[in-house]
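# Curious how this folds, go ahead:
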Amino acid sequence: MKAFLREHAAALLLLVPAWFVLFQGLASYDVVNGDEAFYHAVALHMLESGDPLTLEFRGEPRIYDTFMNAPLQYLWRMAAIAVFGDGLLAMRIHSALFALATIALCYGFGRRLAGETAGLLAALAQLTTFHFVYVHAARTGELETAVSLLLLASAWLFWRFIDSGRGVWWHHACVLAIANVKAPLWLVALAAELVAFVVLPVARPRLRRWLATLAVAAPIGLAWHELQFLRMAGPGWDVARRMWSEASGSAQDVVAGGVFGNLEFYFFALLYGAFPYSLVYPFALIDVLRRARGRLRVAAVVLALFAAVLLVFHLLVAKHYRWYVVPMSPFLSLLLGVWLAGWAGRRAGKSLALAVAVALTGLVIVRVPLASLNPFALRALDLPLAPPLRSLFGLPPLYVAPVLLVAFAVAARSALRALGERSGSIAAALLAVALVTTGALRVSFPLQHLGYRSEMATLRARIDAARAAGERIPLPLPVDARGDFKVRYYFADDFEIVRGRTLRASGPNAPSPSYWLLAPDDPRARHGSIRRGSAGH
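Sure, this is the predicted structure:
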């Protein structure tokens, strides 16, 4: 035990900032995204009804989600509710724990590939990546951190299988776990690995065993989906057609610009969500793939393929959300850690000088809201997508950026030449400090908004207090908020909910709120109710 503590002392020290960033005040702010409320309410219904096979949200059966996002997440959610009670901590604790496990795996995988420094840098980069903490991720109760962990673990186990021939059953169990959390993404892992068998000659002798064990494991791992399909064959086929429509791109009218529109969307989602690390991801990816040899090269190819196939998959899916790129970040953090650690004892080249120049230009030009951004008050859909840029000396950013880039590149190249053999170590260390410091500021400043109370939760508390005091609640009651799931989570048990346009506020020209709360027997709710079936997910 003492030897373990000594060997991993630096990594264990990361538990302090990890607690601060991931766990502090986790239950102190109200529901942020409708999805976390939806998943929690479904698990609570399963626990209370004793029926773990039926997904139901506020009286509405959820056929699509039965196949898409089940069943493992509801098992751990029911366990969390049983331990912590029906509350915000049970809603989110698993996301934070999966995030911590992902960071730990980044450290362990990076350490095995390229040493202690690589592992620590990868873990620090992952811990201080903004969208991994706040965008449908570690601090809200959705699935992105679980998917991140399972995809990264699948990549690690696949690399281990290629390297030693061991662990193929554990690998397939991990991939099939993805199918039981977010069903379509297990195909991402399989596709990435099939491409790896094509491009890596060292992997090809393992292909036959990989296929044979998959053929045995898949029917067992997909038992939930098979059972549900037998229970509801007609609706099951409808869900299958809908999934195919989304995945095949036949619903591209949802996304203006099709694949290219998605590409632009995810470019900005990754650029700003993972800023400042996103500035140097391309340099890390290209340099590691170009220079790595042996086992490290095999691992780098596997990591790059998982990230690339995940991106390509979402480019081809009709709908897009910014959190779809969150599971890419562990793979990119690992490549970044290996890249920075690999410069130790080497003379810096042109690529490192250019990376320093790009990073400095981005840090100067990009305006990152720190204290002003409250991620707990904004749904993930409402967070900024494209980074706001600074104007300098009265010139627009698009004119300033190229000038700064050239100036920084010339200065960096000259300085690194003067440093000689130490240039790679010094430049990589300074770059790592600049990136981690900026990332740490981005994930730390929003924590000042812990304890945020939303208007919707405040209204719910006022209603409960009025009922406890025996006061009459005036109906219809306006709710000015966004997100059907959040409104239904807070109010659907006690009220009928109709959209704002269904009823008029006082006066013909008065603006209507987003929703109205009506008594369950109010005839005005008969045609306008969203209580059953009209809210998408």
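
# so where's the stretch 151-300 of the chain uncertain?
By pLDDT under 70, the weakly predicted segments of the stretch 151-300 of the chain are 233-257.

# do that again at 80, thanks
Counting by pLDDT under 80, the ranges of the stretch 151-300 of the chain that qualify are 232-258.

# Walking through it, point out its helices one by one.
For the stretch 151-300 of the chain, the helices defined by DSSP state H, counting those that start in this stretch cover 168-179, 186-199, 207-221, 223-231, 233-248, 258-273, 281-291, 294-316.

# who does the fourth one touch, helix- and strand-wise?
Here helix 223-231 touches helix 63-68, going by 3 or more C-beta pairs under 8 Å, 6 or more residues apart in numbering; DSSP states H and E. (Glycine included, C-beta is placed from N, CA and C.)

# Return the helix it packs on as PDB; C-alpha atoms alone will do.
Extracted C-alpha coordinates of helix 63-68, given in PDB (Å, rounded to 0.1, in the frame of the first residue of the first chain):
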ATOM      1  CA  ILE A  63     -41.000   3.500 -26.100                       C
ATOM      2  CA  TYR A  64     -38.100   5.100 -28.000                       C
ATOM      3  CA  ASP A  65     -36.000   5.500 -24.800                       C
ATOM      4  CA  THR A  66     -36.700   1.900 -23.900                       C
ATOM      5  CA  PHE A  67     -34.400   1.000 -26.800                       C
ATOM      6  CA  MET A  68     -32.200   4.000 -27.000                       C
END
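
# on that earlier part again, mind putting the helices of the stretch 151-300 of the chain into TSV with distance to A353 and mean neighbour count?
Shown next, in TSV, are the helices of the stretch 151-300 of the chain (distance: least, C-beta to C-beta, whole Å; neighbours: other C-beta atoms under 10 Å):
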stretch	distance to A353	mean neighbour count
helix 168-179	40	21
helix 186-199	30	19
helix 207-221	41	14
helix 223-231	51	15
helix 233-248	42	14
helix 258-273	21	18
helix 281-291	10	18
helix 294-316	22	20
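
# To L430, which of those lies closest?
Closest to L430 of these is helix 281-291 (C-beta to C-beta; 14.8 Å).

# Figure out how far the closest one is from the centre of its chain.
Relative to the centre of its chain, helix 281-291 is centred 23 Å away, using C-alpha atoms, centre = their mean, to the nearest Å.

# helices or strands up against that helix?
helix 294-316, helix 329-341, helix 350-365.

# State the mean pLDDT of the next helix-or-strand element following the last one.
By that I understand helix 350-365. Toward the C-terminus, helix 350-365 is succeeded by helix 397-419 as the next helix or strand (DSSP states H and E). Averaged across helix 397-419, pLDDT comes to 89.

# Next, the angle helix 350-365 makes with the next helix or strand after helix 397-419.
Going down the chain from helix 397-419, the next helix or strand is helix 423-444, by DSSP H and E. Interaxial angle of helix 423-444 relative to helix 350-365 (axes from the mean of the first three to the mean of the last three C-alpha atoms, to 10 degrees): 30 degrees.

# In the next helix or strand after helix 423-444, which residues are buried?
Going down the chain from helix 423-444, the next helix or strand is helix 455-468, by DSSP H and E. For helix 455-468, a neighbour-count test (16 or more other C-beta atoms under 10 Å) marks M456, A457, L459, R460, I463 as buried.

# dump the residue contacts of the first one.
By that I understand M456. D30, V31, V479, A481, K486, V487, Y490 (C-beta atoms under 8 Å, 6 or more residues apart in numbering).

# do that again at 7 Å, thanks
V479, A481, K486, V487, Y490 (C-beta atoms under 7 Å, 6 or more residues apart in numbering).

# Tell me which of the helices of the stretch 151-300 of the chain lies nearest to L127.
Here helix 258-273 is closest among these (C-beta to C-beta), at 14.7 Å.

# Check which helices and strands that closest one sits against.
Helix 258-273 sits against helix 294-316, with contacts defined as 3 or more C-beta pairs under 7 Å, 6 or more residues apart in numbering; DSSP states H and E.

# hmm, who's touching the helix it packs on?
Helix 294-316 is contacted by residues 113-114, 151, 155, 158-159, 162-163, 188, 191-192, 195-196, 199-200, 202, 247, 249, 259, 262-263, 266, 285, 288-289, 292, 320, 324, 327-328, 331-332, 334-335 when judged by C-beta under 7 Å, 6+ apart.

# hmm, 6 Å instead?
Under the criterion C-beta atoms under 6 Å, 6 or more residues apart in numbering, residues 113, 155, 159, 163, 188, 191-192, 195-196, 200, 249, 259, 262-263, 288-289, 292, 324, 328, 331, 334-335 lie in contact with helix 294-316.

# quick one: contacts for F98?
Counted by C-beta under 6 Å, 6+ apart, F98 has contacts T145, A146, L149.

# Closest one to Y64 out of these, please.
Using C-beta to C-beta, those come closest to Y64 at A146, 19.1 Å.

# Leaving out the residues flanking it, which one is nearest to that closest one?
F98 (4.6 Å; C-beta to C-beta, 6 or more residues apart in numbering).

# Distance of that neighbour relative to L143?
For F98, the distance to L143 equals 9 Å [C-beta to C-beta, to the nearest Å].

# what do you get for Y39?
8 Å.

# and the angle from the helix or strand containing A96 to helix 329-341?
Using DSSP H and E, A96 sits in helix 88-114. Using the same axes, to 10 degrees, the inter-axis angle of helix 88-114 relative to helix 329-341 is 40 degrees.

# Name the next helix or strand downstream of helix 88-114, please.
helix 116-127.

# which secondary structure elements does that following helix contact?
For helix 116-127, the packing partners by 3 or more C-beta pairs under 6 Å, 6 or more residues apart in numbering; DSSP states H and E come out as helix 88-114, helix 329-341.

# And the contacts of the helix or strand following that helix?
Helices and strands here follow DSSP H and E; after helix 116-127, the next one along the chain is helix 130-134. Residues from elsewhere that reach helix 130-134 (C-beta under 6 Å, 6+ apart): R139, G273, V326, S329, P375, R442, V443.
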